[in-house]
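1. Sequence isn't available, so here's the structure alone:
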């Protein structure tokens, strides 16, 4: 299947700069350069001409660039179709799972209602937390997955799926283990004065927008830096590498081994729950009703 280094190659080509590509990918410029070098070595091709003003595609690089996006899309589709071919969808619930959107809360519900679905099996379908591709994964509810478990008050997500809330996760702060706040058991908001707080940009999450308004109006001593609209591992990497503070959640305490997650002395939290297709089949809707009854 396709080489994941193609993603870095495309970003570098689009940006015309290793530094700008590193900012887009939320990794260091050195890491971008190493990945490009590894791809060139793997293919035995020179893909970029490097200069002080930036980078430009070689003739070989230009050909690869035009085909790379097709290769990536076709590969993902091929893998998905292959997985579908080996599953019996009549008596199987397919549940998506990823590093940031774990299926564990689904399992907690499943073991309470599975007696009502005696012939059903579960199949966990892994997917990537890619901030550029997560919406396409949501759109595949009903096709690739029957259910996802997600932290969700995103307008973009909710316009693409149905959502049954299961609970709420507290907003926390993630910092590198060398950070001055790493030793604290609880953080007061004034502890963040003078720090740069990384959080999703405004416009998609009601909870985050309300929190941002609070910080901007009542705590201007905290500098806010936008992250992509949806987190992926690159955001946690950037927090670890830069020494900034990342607005995180209690369910993500084990995501990155170089980071420590610390509760903040406030009441902010965000809902998580069951995501399913607006055109879900009857058995999926039956499961949702059973899940709803045990919650209520």
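-> Cool, got the structure. Worth saying up front: this structure is predicted, and the values here are computed from it rather than measured.
2. Tell me which residues touch the nearest residue to residue 45 once chain neighbours are set aside, please.
-> Leaving aside its chain neighbours, residue 45 sits nearest to residue 60 (4.7 Å; criterion: Cβ to Cβ, 6 or more residues apart in numbering). Where you see a C-beta, it was placed from the backbone N, CA and C, and this is true even at glycine. Shown in contact with residue 60 (Cβ atoms under 8 Å, 6 or more residues apart in numbering): 45-47.
3. Among these, name the buried ones.
-> The neighbour count (16 or more other Cβ atoms under 10 Å) marks residue 47 as buried among those.
4. any chance of the contacts of residue 60 in TSV, plus pLDDT and distance to residue 164?
-> Formatted as TSV, these follow (pLDDT from 0 to 100; distance: Cβ to Cβ, whole Å):
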residue	pLDDT	distance to residue 164
45	89	50
46	92	52
47	88	47
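5. In CSV: the contacts of residue 60, plus secondary structure and distance to residue 136.
-> As requested, the contacts of residue 60 are exported to CSV (DSSP: H, G, I helix; E, B strand; the rest coil; distance: Cβ to Cβ, whole Å):
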residue, secondary structure, distance to residue 136
45, coil, 29
46, coil, 32
47, coil, 26
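6. got the phi/psi numbers for residue 245?
-> phi -100, psi 140 (degrees, to the nearest 10).
7. Domain map for this structure?
-> 5-83, 86-166+272-295, 169-269 (automatic domain parsing).
8. Least confident of those domains, on average?
-> Among those, domain 5-83 carries the lowest mean pLDDT, at a mean of 85.
9. All the helices of the stretch 151-296 of the chain, in order from the start?
-> For the stretch 151-296 of the chain, the helices defined by DSSP state H, counting those that start in this stretch occupy 155-158, 206-218, 233-242, 282-295.
10. Skipping adjacent residues, who's closest to residue 197 in space?
-> Closest to residue 197 by Cβ to Cβ, 6+ apart is residue 245, at 5.0 Å.
11. give me the number of residues near the one you found?
-> Around residue 245 there are 26 other residues, counting by other Cβ atoms under 10 Å.
12. mind listing what it touches?
-> Residues near residue 245 by Cβ under 8 Å, 6+ apart: 173-175, 179, 181, 192, 195-198, 239.
13. Can you turn the buried part of these into a ChimeraX selection?
-> Only the buried entries of those go into this ChimeraX selection, using 16+ other Cβ under 10 Å:
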select :173,174,175,179,192,195,197,198,239
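14. Next one: residue 184 from residue 173, what distance?
-> Counting by Cβ to Cβ, to the nearest Å, the gap from residue 184 to residue 173 is 9 Å.
15. what residues are shared contacts of the two?
-> residue 262.
16. for the chain, which helix is longest?
-> In the chain, taking DSSP state H as the definition, the longest helix is helix 59-85.
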